[in-house]
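**Q** build the 3D model from these lines:
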Amino acid sequence: MSARTDKTLWSGLFRISPDSGQTLQSQIRQAIVTAILDRQMPVNQPLPSCRTLANRLQVARGTVVLAYQQLVDQGFLEARERRGHFVNPDALTELPGVRHQTLRPKSNLAPNWACRMTVRPSTQVNIVKPDDWLAYPYPFVYGQFDPTLFPTAEWRECSRMALGVREIRNWAADMIDRDDPLLIEQIQARLLPRRGIFVRPEEIMVTLGAQHALYLLATLLMRQKTKVGMEEPGYPDARNIIASRTGQMVELAVDQYGLDPASIPADCEYVFTTPSHQCPTTVSMPLERRNDLVARAADDDFIIIEDDYDSQLLDKDSPLPALKSLDEAGRVVYIGSLSKTIAPGLRLGYVVADPDLLEELRGLRRLMLRHPPANNQRAVALFLSLGHHDTLVRRLTEAFSERREMLSGHLRRKLPDFRIGDDLSGSAVWLAAPPDVDTADLAERARERGVLIEPGHVFFGSKTKPYNYLRAGISSIGLNKIEPGVAQLASIVDEYRNGPLARVI
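**A** Predicted coordinates for the structure are as follows:
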């Protein structure tokens, strides 16, 4: 192989970036392993010397030396005296029983999967965010994190602590259907009391986020003819989960005070609600209505599934108590999440319910995944126990309050005919555009210009859903980006107001 080809080969294999989030050594190892497994690296040709590759990648020679040595230890490379490093032929040996087959045309005898499926989740209407949302200059998206606010040093500290020898002994064993006792203790002592909830450890179970909790509950409790009340508008993922289990979902009216208990049919068996920060309208249910809803559950024999959505980020002096704190009959199942505070990618949440229900939920969770990763549970438990979460919530609440005030001010000035919800709190703003504006079209146009917004029709379940609502999140957009982002959005509305954005009413 010529020197020219060799240089081209090695230049194409490596894409090293100091901003990738991985160490340079890890990136080098990953590139070489990928090339070996994809058979892009000749077995009989030596890899570049450590010095040569370090010069080409502009990294320290020691970084390449360590990368090569670890790959030798793992069996991907072999060091030959005075000749250099080569691909270990054993790394390319096929696994027993595995044969490479050429692709064949699909047979007429292939199964018709569409006819065999009981549900089609891919056809449901969901909230959609671009995978590369962070690359957009004006990401008004909900539920994503801001790298500038993430407590990197504190999280790394807790992750390192969780990897200590004694800690590994605590979480490395198969926990089967149990949870990390330290995490349960922290949820019980630090998180729930702030919502007015005081329960025993056996009434708490860890989940992979709020959606996982909802799926477990729907799977365990709902059948095809189970009547379930759902807020309208409401949380799309909850609606889709419930719809996958029952054909008897009832849309329940939401007004300026949240879910109206008077709209619940007497024969409803379950009611899903987000009382603290209604999704998506952001309104908070007043105490009188909360008491009424809990009383109705006892009188009419239904169960309330309370998603305490965004409650930790409400910058209010006296937050209203959760429905669960008002429940004396065990009729409220409480769902909490750490996704909106620590990070959405962490996927950790929890359910609070009667022990009899939790026993079956644990059994069902065991069938699905046994238990959430125990090392993640321990890292989060340490994060809570050291007070890092408290500090983070204060930082997020202050930052979101400032961003929300700036966003609402610029929206009122630049888009005066867009109506903003009265209850400004949490990490998003709910907007009603004029009736002739289709926010689904608006979102597409805005995306082309670097502005990400969420069209509101996905939050409605009725067939005659309105298309003039939208949600603007503030969790991932910097303060200095809000004014130019709103200005860009306003210019798009002005340009197309009487054109392709118009919807005939």
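
**Q** when you work out contacts or count neighbours from here on, use the C-alpha atoms and nothing else.
**A** OK.

**Q** quick one: buried residues of the helix ranked longest in the chain?
**A** The longest helix of the chain (DSSP state H) is helix 388-414. For helix 388-414, the neighbour count (16 or more other CA atoms under 10 Å) marks 388-390, 392-393, 396-397, 399-401, 403-404, 407-408, 410-411, 414 as buried.

**Q** can you name every helix or strand that it contacts?
**A** Helices and strands touching helix 388-414, by 3 or more CA pairs under 8 Å, 6 or more residues apart in numbering; DSSP states H and E, are strand 428-432, helix 479-496.

**Q** so what touches the last one?
**A** Same thing as helix 479-496. Residues from elsewhere that reach helix 479-496 (CA atoms under 8 Å, 6 or more residues apart in numbering): 137-138, 402-403, 406-407, 410-411, 414-415, 442, 445-446, 449, 451, 502.

**Q** so which one among these has the lowest pLDDT?
**A** On pLDDT alone, residue 502 ranks lowest of the contacts of helix 479-496, at 49.

**Q** walk me through the domains of this protein.
**A** 3-92, 122-143+391-496, 152-387 (automatic domain parsing).

**Q** tell me which of those domains sits nearest to residue 109.
**A** domain 122-143+391-496 (24.3 Å; CA to CA).

**Q** where does pLDDT dip in the stretch 401-505 of the chain?
**A** Along the stretch 401-505 of the chain, the model assigns pLDDT under 70 to residues 498-505.

**Q** low-confidence stretches in the protein?
**A** Counting by pLDDT under 70, the chain has low-confidence residues at 1-13, 19-20, 93-107, 315-318, 498-505.

**Q** quick check, central residue of it?
**A** Residue closest to the average C-alpha location in the chain (CA atoms, centre = their mean): residue 344, at 3.9 Å.

**Q** circling back: residue 117: which of the contacts of helix 479-496 is nearest?
**A** Among the contacts of helix 479-496, and counting by CA to CA, the member closest to residue 117 is residue 442, at 34.7 Å.

**Q** wait, a helix at that closest one?
**A** Yes: looking at residue 442 with DSSP: H, G, I helix; E, B strand; the rest coil, it is inside a helix.

**Q** in what helix or strand does residue 35 lie?
**A** If you go by DSSP states H and E, residue 35 is part of helix 24-37.

**Q** now that helix, how far from the centre of its chain.
**A** With CA atoms, centre = their mean, to the nearest Å as the basis, helix 24-37 stands 29 Å off its chain's centre.

**Q** what's downstream of that helix, the next helix or strand?
**A** helix 50-57.

**Q** now do the buried residues in that following helix.
**A** Neighbour-count burial for helix 50-57 [16+ other CA under 10 Å]: 50, 53-54, 57.

**Q** any residues touching that helix, and which ones?
**A** By CA under 8 Å, 6+ apart, helix 50-57 touches 16, 60-61, 63-65.

**Q** between the buried residues of helix 50-57, which sits nearest residue 423?
**A** Nearest member of the buried residues of helix 50-57 to residue 423, counting by CA to CA, is residue 57, at 53.1 Å.

**Q** so what's the gap between stretch 135-143 and the chain middle?
**A** That offset, for stretch 135-143, works out to 14 Å (CA atoms, centre = their mean).

**Q** what are the buried residues along that stretch?
**A** Applying 16+ other CA under 10 Å to stretch 135-143 flags 136-143 as buried.

**Q** which one of the residues you listed is nearest residue 128?
**A** For the buried residues of stretch 135-143, the nearest to residue 128 is residue 141 (9.9 Å; CA to CA).

**Q** quick one: contacts for that closest one?
**A** 129, 452-454, 471-476.

**Q** I'd like to know which of the residues you listed are buried.
**A** Neighbour counting with 16+ other CA under 10 Å marks 452-454, 471-476 as buried within these.

**Q** which ones among those map onto strands?
**A** 452, 454, 471-473 (DSSP state E).

**Q** for the stretch 51-200 of the chain, what spans make up the helices?
**A** 61-73, 113-116, 152-162, 165-171, 181-186 (DSSP state H, counting those that start in this stretch).

**Q** show residues contacting stretch 419-426.
**A** Applying CA under 8 Å, 6+ apart, the contact partners of stretch 419-426 are 277, 281-284, 310-311, 313-315, 397, 400-401, 404, 408, 429-433.

**Q** scratch that, stretch 22-29
**A** With CA under 8 Å, 6+ apart, stretch 22-29 has contacts from 14, 16-18, 59, 63-64, 66-68, 71.

**Q** most widely separated two among those residues?
**A** Spatially, the most separated pair among these is 18 and 71, at 21.0 Å (CA to CA).
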